[in-house]
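A.B. asks: build me a model:
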Amino acid sequence: MSDAAIAKNSSTTDPSPSFLNNAASAGTQELHQPAIELPIAESPSIQGDQYLQVRLADLPQLLLPISDLAELTKLTLNDVVPIFQMPAWVIGVYNWRGEMLWTIDLNHFLGLTPWYQQRDRAAKHTMVIIQPAQDSPSPEDTNVVLGLVVNEVASIVTYPEGSLQSMPQAAAIAASVQPFLKGVCANETGELDWVLDSQAILAVTTQARV
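C.D. replies: Model (predicted):
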């Protein structure tokens with residue numbers, strides 16, 4: 001979806017989290033912090049459901065629920081230790097706060113162009129760390145986190161409560177992506193913003209590590 005369409009969206013963009021402005025301009029400005037915390041408290045002036053805009057090589061925009069996000073950081077692939085005999089979309093493990101964080105290439109995972117085949121890939125990559133709440137968590141699942149390497153993050157957008165709709169039957173998006181979508185949010189122009197299902201992504205990646 002184009003920037004003009006975003007501006008006309010029924011959602012509103014929250015300009016307050018400065019970490020997003022830094023990440024979006026990372027191509028021209030280095031981040032000086034190894035990790036940047038997501039804001040814990042939402043602004044009382046913002047009402048509705050908040051999402052982080054995520055961009056991949058072959059998709060202009062996807063949305064991740066803010067409630068599923070733990071942190072946003074920049075890394076080089078030298079920061080990740082490769083793990084052999086794993087699916088090709090597993091990049092490896094990353095030292096996150098002294099813990100071993102599994103890191104995947106979200107493009108490759110969704111059946112899109114892998115990072116290593118992208119012509120304009122950057123030296124530093126944007127990683128979104130997700131930690132979604134479990135519907136029925138078992139003790140070993142309460143702290144499940146995963147690093148998603150993406151092309152870019154843009155900003156936080158807010159949709160009115162109840163905007164999330166189920167997937168349309170004739171979804172105009174790659175079939176390989178559809179199992180990992182929670183639904184769509186429609187804007188004023190009728191365009192659909194696709195919402196990623198963090199738990200579905202975690203379920204597949206966790207099974208691959210067993």
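A.B. asks: how about the longest helix along the chain: buried residues?
C.D. replies: Longest helix in the chain by number of residues (criterion: DSSP state H): helix 198-209. Within helix 198-209, the residues scored as buried using 16 or more other Cβ atoms under 10 Å are 198-199, 201-202, 205. No exception for glycine: its C-beta is placed from N, CA and C like everyone else's.
A.B. asks: how about the helices in the protein?
C.D. replies: Counting by DSSP H, the chain has helices at residues 3-7, 18-24, 106-109, 198-209.
A.B. asks: packing partners of the shortest one?
C.D. replies: Applying 3 or more Cβ pairs under 8 Å, 6 or more residues apart in numbering; DSSP states H and E, we find helix 106-109 packed against strand 146-150, helix 198-209.
A.B. asks: I'd like those as CSV, with mean pLDDT and distance to residue 157 appended.
C.D. replies: Putting the helices and strands packed on helix 106-109 into CSV (pLDDT from 0 to 100; distance: least, Cβ to Cβ, whole Å) gives the following:
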stretch, mean pLDDT, distance to residue 157
strand 146-150, 96, 16
helix 198-209, 90, 17
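A.B. asks: got CSV for those, with distance to residue 118 too?
C.D. replies: Putting these into CSV (distance: least, Cβ to Cβ, whole Å) gives the following:
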stretch, distance to residue 118
strand 146-150, 11
helix 198-209, 20
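A.B. asks: can you say which of these is nearest to residue 57?
C.D. replies: Across the helices and strands packed on helix 106-109, residue 57 has its closest neighbour in strand 146-150 (9.3 Å, Cβ to Cβ).
A.B. asks: who does that closest one pair up with?
C.D. replies: strand 99-105 (parallel), strand 125-130 (antiparallel) (DSSP bridges).
A.B. asks: looking at the helices and strands packed on helix 106-109, which is closest to residue 160?
C.D. replies: In terms of Cβ to Cβ, the element of the helices and strands packed on helix 106-109 nearest to residue 160 is helix 198-209, at 21.3 Å.
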